[in-house]
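Visitor: Here's a sequence, model it:
(chains A, B, C and D)
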2 protein chains.
Amino acid sequence: MRADARRNNERLVAAAREVFAREGGGASMDAIARQAGVGVGTLYRHFPTRMDVVQAVYCTDVDTLVHTAEEAVADLEPWPAVVAFLEAFVRYAQGKRTFLNELREAFDKNPELRLDMLERVEGSMQLVIGRAQGAGVVRTDVSGQDVMQLVGPMCTNATLSEEQSMRLLNMILDGLRKPS
Amino acid sequence: MRADARRNNERLVAAAREVFAREGGGASMDAIARQAGVGVGTLYRHFPTRMDVVQAVYCTDVDTLVHTAEEAVADLEPWPAVVAFLEAFVRYAQGKRTFLNELREAFDKNPELRLDMLERVEGSMQLVIGRAQGAGVVRTDVSGQDVMQLVGPMCTNATLSEEQSMRLLNMILDGLRKPS
DNA sequence: TATTATACGGAGGGTCCCTCCGTTTAGCAA
DNA sequence: TTGCTAAACGGAGGGACCCTCCGTATAATA
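Guide: As a prediction, this is how the structure comes out:
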């Protein structure tokens, strides 16, 4: 792969994320190419279909989330790692609201993508939660998957402010912490 | 309202339901007008926006469901009425799958529509279930709303065959029936 | 430096939603 | 029945969007 191609690939994904965030999931391919400073032809060579763009953005979001989990486990004590990761997870899940329809469509046409990504996210959640459970700071009668099923749907609710979700997250964190 | 206008209005809604069922939620306005044997101009006079068509189809679906409940209560014994209505409800809810994205969009832009329709459907469910409870043939520790929250989401699951849903419905009916 | 495989740009084809306006017609009064 | 008019109809076309195609430019290599 030529150097300019790789450069443009990264630029396109970044541009797409920005445009989707600004204009919603219905943003046009022209707008994405323009934001990347690139012709539509280039955009289409890198991503043959609009859905491929959605997928690419989503995958890098998951990458970031997974990376956050690994970093939290490496750099932080067990409990602060849980707090940091759950905050990142809420941001991640809320970001999905802007192009939820697009994502649903992508999943419909490519069901294994959903499973792959779900698995990766669950893995990260379990990594952070399991470690904290091992250290005795998180109750052991819930799993990472349980927490995901609690927090995920909460975030996709369209009428939930970021402030509200952070309040609720604090409540959940209190419930998650092992009573001493 | 002129006679031809009313005629066309009904024809358009019927055509839209048929085209949506055949081609999915993304069906074009042209296709709907063609199916109704009418120019697009006429379609747009009756429904200024694509979303208005979706709304109209959805509202008549709810009308039908409500009517089914009233008829069941008038014509059938309490328990057969429950069976008939729940079967109609499953058909109704599964019909929504074909244009679920469109419906979600309509709800986003017009939140009170969702509440109105939810209320009407809940009312019908409660009418049928409540009567059967009064007659002592349905357990009294569940409400119509409970049943809806159980059956509704089941039906929106894309990977659920009609046969499967009917099997599950039978199971639910057995659970609903008051043990004698 | 010359060559060539690769990437780029953007005009344009096809489709879709919606508008506009000239034509037709239903409903009514004489 | 006939004439009138407000209302409804039809469909060409404007604008936006997804995607394709191909001539041009450029990175990598010898």
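
Visitor: contacting residues around the nearest residue to residue A:27 once chain neighbours are set aside?
Guide: Distance criterion C-beta to C-beta, 6 or more residues apart in numbering or on different chains; nearest residue to residue A:27, sequence neighbours excluded, is residue A:19 at 4.6 Å. To be clear about C-beta, it is placed using only N, CA and C from the backbone, and glycine gets the same treatment. If you count contacts by C-beta atoms under 8 Å, 6 or more residues apart in numbering or on different chains, residue A:19 has them with A:27, A:31-32, A:35.

Visitor: most surrounded residue in the residues you listed?
Guide: Within the contacts of residue A:19, most neighbours by other C-beta atoms under 10 Å in any protein chain shown means residue A:32, with 25 neighbours.

Visitor: Point me to the helix or strand that includes that one.
Guide: Assigned by DSSP states H and E, residue A:32 belongs to helix A:29-36.

Visitor: which residue does chain A bring closest to chain B?
Guide: residue A:101 (5.3 Å; C-beta to the nearest C-beta).

Visitor: hang on, that residue packs against residue A:25?
Guide: Yes. With contact defined as C-beta atoms under 8 Å, residue A:101 counts as touching residue A:25 (5.6 Å).

Visitor: per-residue pLDDT, the residue nearest to residue A:27?
Guide: On pLDDT, residue A:19 comes in at 96.

Visitor: What strand or helix carries it?
Guide: Using DSSP H and E, residue A:19 sits within helix A:3-23.

Visitor: Next: residue A:115.
Guide: Element membership of residue A:115 [criterion: DSSP H and E] is helix A:111-134.

Visitor: buried ones in that helix?
Guide: For helix A:111-134, burial by neighbour count (16 or more other C-beta atoms under 10 Å in any protein chain shown) applies to A:113, A:117, A:120-122, A:124-133.

Visitor: Could you list the residues of chain A in contact with DNA strand D?
Guide: Residues of chain A lying close to DNA strand D by C-beta under 7 Å from any atom of the strand are A:2-4, A:27-30, A:40-41, A:44-45, A:48-51.

Visitor: and with 10 Å instead?
Guide: A:1-7, A:23, A:25-33, A:39-45, A:47-54, A:102 (C-beta under 10 Å from any atom of the strand).
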